[in-house]
Structures are given as C-alpha cells and as structure tokens.
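Novice: what's the 3D shape of this:
(one chain, ligands or ions: 1)
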Amino acid sequence: MLDSQISKPSNLVLTLTLVASILGFMFGYDTGYISSVLVTVGKDLDGRYLTIPEKEWISSATSLGAFLASLVAGPLADAYGRKPSVMLCDVLFVTGALMQFFANHVHWMISGRFVMGCGVGAGSLLAPLYISELAPGKFRGRLVTINCLAITGGQLIAYMIGALLSRVNSGWRYIVVLSLVPCAVQFIVILFLPDTPRFLVMHGKHKEASSVLQQVYPTASPGLIEANIEEIAALNSLLPGDNAYQRLSNGIQELFTSPSNRRALFIGCGLQAAQQFVGFNAIMYFSGSIFEMVGFRNSTAVSCLTAGTNFLFTVVSLFIIDKVGRRNILLVSIPFLILSQILCALAFGHLTINVESGKEIGENSEFWAYLVTIGLVSFVASYATGLGNVPWHQSELFPQSVRGLGSSFATATNWFGSMIVSASFLTLMKSLTPCGTFLLFAAVTAIPLVTIYFTYPELGSLQLEEVEQLLSNGFNVKRSIEMHRQAISHAGYTGIPYE
Ligand SMILES: O[C@H]1[C@H](O)[C@@H](O)[C@H](O)[C@@H](O)[C@H]1O
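Specialist: As a prediction, this is how the structure comes out:
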C-alpha cells in the first residue's frame, strides 16, 4: 500500500543505496587489485619472487576470510544492527589494507588479505540486505543490482589503477592504500544515516522506525506508516523464540525442514556454487599472470580488457534481465560460456607455457596468444551477462522469516567456491596444463546448465509469496515459465520482481 504513495525513491533511499554500495565497490576493488599485485610485487616480500602456493594463498586468503565472515554476518547484523555491522566492515577493510601496505613478509600479506576478506564477505551480505530492507518494494530489484554494478566497477577501477602504477616502484602498495578512501567516506557518512525499519522494529524501537519510514515515504500518512510497522512486526514474529539465539536455531530448523525452503536453498546455494566453480575468478584474480604467461609485455594493461568486459556486460545484464528472465538469460549465456572455455583450452594447447615461472617460453605464435585473449573476453562476457549477476538475486527465493539466514548460506557457498578456485587454479594449470584446466572448467560448467534446465523456475515476475507457493510441491519449472509469459505480456508489468 505504501508503495503507491511514491513515484521515485526518496533522497534517503538513494543516499543509502549509494553508501551501502561502497561495500560492493570494496568487494570488487579488493578482489580485483590482486591480479596486478601478483605480477608487480616482484621481490618486495621476503626479498624473493613468490612461489605458486604463496600466490594462491595471497588470493585465496581473502575468500577464506569472506567465507567465514559471511556465515556470521547475518546473525551479527540481526543482533547489533545493519549500520554498526557496516562500520565494522570498514574497520576490517582499513586494518587489512594497512597490514598489506606495511607488509615485508609473505605471511603478513596473507594475514592482511584475510582480515580484509572478512570485511569483503560480511559486506557482500550486508549491502543487498541493507538496501532491500530500506528500499520500497517497487524499486528494490533495481536498487539491489546497483550493488552488482559497484562490484564489477570496483574491479575495473582496481585493474586500471593497477595498470597505471605497474611501472612505479612498489606501486602495488599504493593500490592497496588507496582502498582506504572509500571506506573512510562510508564510515563517516553512515554515521548520519539510520538503520533499517525492519531492524529497528525487531528491537522494539517503533518510534525510530516510523521516522525512517516517513523519510522513505515522505507523502504517506502517519496511519499508513503505523500499519506498515505492524506488518513488519507481524512478519518478524513469524519465527518463534525469546532471544536471538533461539530464533536463529528455529530459523535453521525452518530452513531445512520446510520443503519450499529446502528447494530455495538448493537453488540459491547451487547458483552461487555455479557462479564460482565455472572458474571465472581464476581470470579475475590471475588474469595479469595469465597474460604474462602467454607473452604480453604489458599484462596489467591487457587485463583491463577482461575487467572492462565484465563491467560492460553487467550493465547489459541489468537492462535485459527482467524482460528476458533469469532462467532464460542463464540458459542462453552458459552454452556460450562453455564454448569460450573450450576456445581458451584449444588456444592454450598451442602455446608453450611455464606456469611456475609465470613467463612465456619458447617460440609462441602471436595468433594463439590473441586467441586466448578472445576466448577469455568471451568467457567474461557470457559470464557477466548471466552467472555473474543472477545468483545475487538470491533474497527473492526465501520468505521473510528465513531470508537473512538463507542468503547467508548462499553467500557462504559463493565464497567457499571462490576460495577453492583461487587456491587451486595455478596448481591445476601446472598439473593438468592450461588446456586441461580450461577443459575441466568447461566440463564443470555443463553441470549447472543441465541442473538449471530441470530445477530453476523463472521467478522474475512472481510476488514473494508466490515463490514460496510455487516451490512448495516441486520446482514447477513449466508453471513458472507460463506465469512469467503471462506477466510480461500483461501491459502493466514493469519487470520489477518485487512489485
Ligand atoms: O557477481 C560478482 C562479479 O561477477 C565479480 O566479477 C566476481 O568476481 C564475483 O565473484 C561475483 O560474485
């Protein structure tokens, strides 16, 4: 009802979306700069070149921290608030960045990446949660996706700065320290912003919650605002329990015992696992190293091509996703992803590469090096259009009572996958050869293609309660496609999933 009162998001909603999206930007920046750091760090740590396991540890420490933090971030945000949790992320970002900036030993660098990773993981859960709880239903889908743009935008900027500073002595330390700027901005601005109405109601602060809602819906009458507060309170009390711990354990029980929640969890975690196990972050974290191996002299600059493609196709995805549908976009983009992986494998098969030294060896033809580049760019483009974006719409899978918890599990699956891929990529390249590694990625990518075909219904145009109903007695893929078709042919449909 409240949604009909407004035609555009209020200033508070826009400001908060932008400020919360700094978490997405930090996610992108911190995971993005490692690609150039790995090739420019030289002998700055422990006075010698990094070994393969050290490189893998430096990149995967962030994913490990993020994995652990994403498990606790949901309950933490429920206990202490979204706002203090975001501020805690900033403290972790700053501590981690300073540890890396001053690092002279590999273990300090790894520890700094781990601490920073804790902030990245918690932030990857908090940003969509903060935005979706404050945003009016009819803008929610689009506002949440601004965070996805911030992630890939952060990665692109990290790559560009990496390329600019690649010839500067110890330039990598400046790339790291620059990340302090957005955190500081976020920490200061968020001090002046409120927590979400849902959190305030959860903690009995009804007066504060009404004042926030009034800023979200400036023209709504006090009566309507009151009714909304009661609605939020009723939804909050769906999960029984006298304290946060009891509600958490009841929530876990509900998530695993209700058939519709179990299916939602299967889809949410499955999509996030697919997003990572197709191997995309092997490119994101190691593209500098890959381009160096195939013989490009300015590998950090060439890497900007992949980060730029990722950003560009995320924009494309945002414009078409609601019309085309989440399911269709995946079913069309994943076959292109597989073809691109096979192309990379084929091209790598014609190059002589020493993964250990990270340098090109032998008489390699430029043709195959360019073909690797084309393969990688089309890998990134097909990924960004579908798998890079769709899994982050995870919160629409779960009913309000277990939304935070369900999203926590899905986010943790994402970081678990990211950790495994980044910790094993160079070892796989060495033991299976680059050709074998990309063939393995192609084989792995075929699994989600088949699974999505049989079990992922089209949810883009459904109301939240309809999602729960749809999943209650099966995956109902056919029915969901029919419902989506009807919704898009319906004149008033705007393509916003929560409307
Ligand atoms: O959605 C994001 C995005 O696609 C990033 O480029 C990628 O590095 C992340 O792992 C993913 O979660």
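Novice: Going by C-alpha atoms from here, please, whenever you check contacts or count neighbours.
Specialist: Fine.
Novice: For the protein, name the helix or strand with the lowest mean pLDDT.
Specialist: Counting by mean pLDDT, DSSP states H and E, the chain has its least confident helix or strand at strand 359-360, which shows a mean of 60.
Novice: and the residue in the chain positioned nearest to the ligand, which of the three is it?
Specialist: Nearest residue of the chain to the ligand, counting by Cα to the nearest ligand atom: G388, 3.7 Å away. Here G388 is coil, with the state taken from DSSP: H, G, I helix; E, B strand; the rest coil.
Novice: got a pLDDT number for the nearest residue to it once chain neighbours are set aside?
Specialist: Spatial nearest neighbour of G388, excluding adjacent residues (Cα to Cα, 6 or more residues apart in numbering): Q275 at 6.3 Å. Note on Q275: pLDDT of 98.
Novice: Please apply the same query to the one 4 residues further on.
Specialist: G279 is assigned 97 on the pLDDT scale.
Novice: Pretty sure it sits against F441.
Specialist: Yes. Contact criterion Cα atoms under 8 Å: G279 and F441 qualify, at 6.1 Å.
Novice: which SSE is the closest residue to A73 other than its chain neighbours in?
Specialist: Once flanking residues are discounted, A73 sits nearest to A122: 5.1 Å by Cα to Cα, 6+ apart. A122 is part of helix 106-134 when elements are defined by DSSP states H and E.
Novice: Quick check: which ranges of the stretch 301-450 of the chain have low pLDDT?
Specialist: Where the stretch 301-450 of the chain drops to pLDDT under 70, the residues are 357-364.
Novice: at 80 what do you get?
Specialist: Applying pLDDT under 80 to the stretch 301-450 of the chain flags the ranges 322, 356-365, 400.
Novice: For it, what lies in contact range of the ligand?
Specialist: 384, 388-389 (Cα under 6 Å from any ligand atom).
Novice: Following the least confident helix or strand of the chain in sequence, what is the next regular element?
Specialist: Following strand 359-360 in sequence order, the next helix or strand is helix 366-385 (DSSP H and E).
Novice: following that next one, which helix or strand comes up?
Specialist: With DSSP H and E, the next secondary element past helix 366-385 is helix 403-455.
Novice: So which elements touch that next one?
Specialist: When contacts are defined as 3 or more Cα pairs under 8 Å, 6 or more residues apart in numbering; DSSP states H and E, helix 403-455 packs onto helix 52-80, helix 106-134, helix 244-257, helix 259-277, helix 280-293, helix 326-348.
Novice: so can I have TSV of these showing distance to P9?
Specialist: Below are those laid out as TSV (distance: least, Cα to Cα, whole Å):
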stretch	distance to P9
helix 52-80	24
helix 106-134	10
helix 244-257	32
helix 259-277	28
helix 280-293	34
helix 326-348	24
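Novice: Next, count neighbours for the residue of the chain closest to the ligand.
Specialist: 25 (other Cα atoms under 10 Å).
Novice: Hmm, it is touching A274, no?
Specialist: No. Contact criterion Cα under 8 Å: G388 and A274 do not qualify, at 9.7 Å.
Novice: element containing P182, please.
Specialist: P182 belongs to helix 180-191, assigned by DSSP H and E.
Novice: Let me see the mean pLDDT of the helix or strand following that helix.
Specialist: Sequence order places helix 197-202 as the next helix or strand after helix 180-191, per DSSP H and E. In this model, helix 197-202 carries a mean pLDDT of 90.
Novice: ok, then the element right after helix 197-202?
Specialist: Following helix 197-202 toward the C-terminus (DSSP H and E): helix 206-216.
Novice: Tell me the helix or strand right after that next one.
Specialist: helix 222-236.
Novice: did I read that right, R297 in a strand?
Specialist: No. Using three-state DSSP, the secondary structure at R297 is coil, not a strand.
Novice: Please report the number of neighbouring residues for it.
Specialist: By other Cα under 10 Å, neighbour count at R297 equals 13.
Novice: shift numbering so it begins at 42
Specialist: That works, and once the first residue is 42, the last one we named lands at R338.
Novice: who has more neighbours, G320 and F482?
Specialist: Shown here are G320 and F482; by other Cα under 10 Å, G320 has more neighbours (26 against 19).
Novice: State whether E397 is indeed within a helix.
Specialist: No. Counting by three-state DSSP, E397 is not part of a helix but coil.
Novice: So which bits of stretch 252-272 are buried?
Specialist: Across stretch 252-272, burial judged by 16 or more other Cα atoms under 10 Å covers 252-255, 257-258, 261, 266-267, 269-270.
Novice: Also stretch 205-214?
Specialist: Buried residues in stretch 205-214 (16+ other Cα under 10 Å): 206-207, 211-214.
Novice: repeat for stretch 237-253
Specialist: Buried-residue list, stretch 237-253, by 16+ other Cα under 10 Å: 237-243, 247, 249-253.
Novice: And it, end to end?
Specialist: 8 Å (Cα to Cα, to the nearest Å).
Novice: Give me every residue in contact with that stretch, excluding its own residues.
Specialist: Outside of stretch 237-253, the residues within contact range by Cα atoms under 8 Å, 6 or more residues apart in numbering are 119, 122-123, 171, 174-175, 235, 254, 266-267, 270, 273-274, 277.
Novice: centre of the chain versus it, how much separation?
Specialist: Centroid separation between stretch 237-253 and its chain, computed with Cα atoms, centre = their mean, to the nearest Å, is 28 Å.
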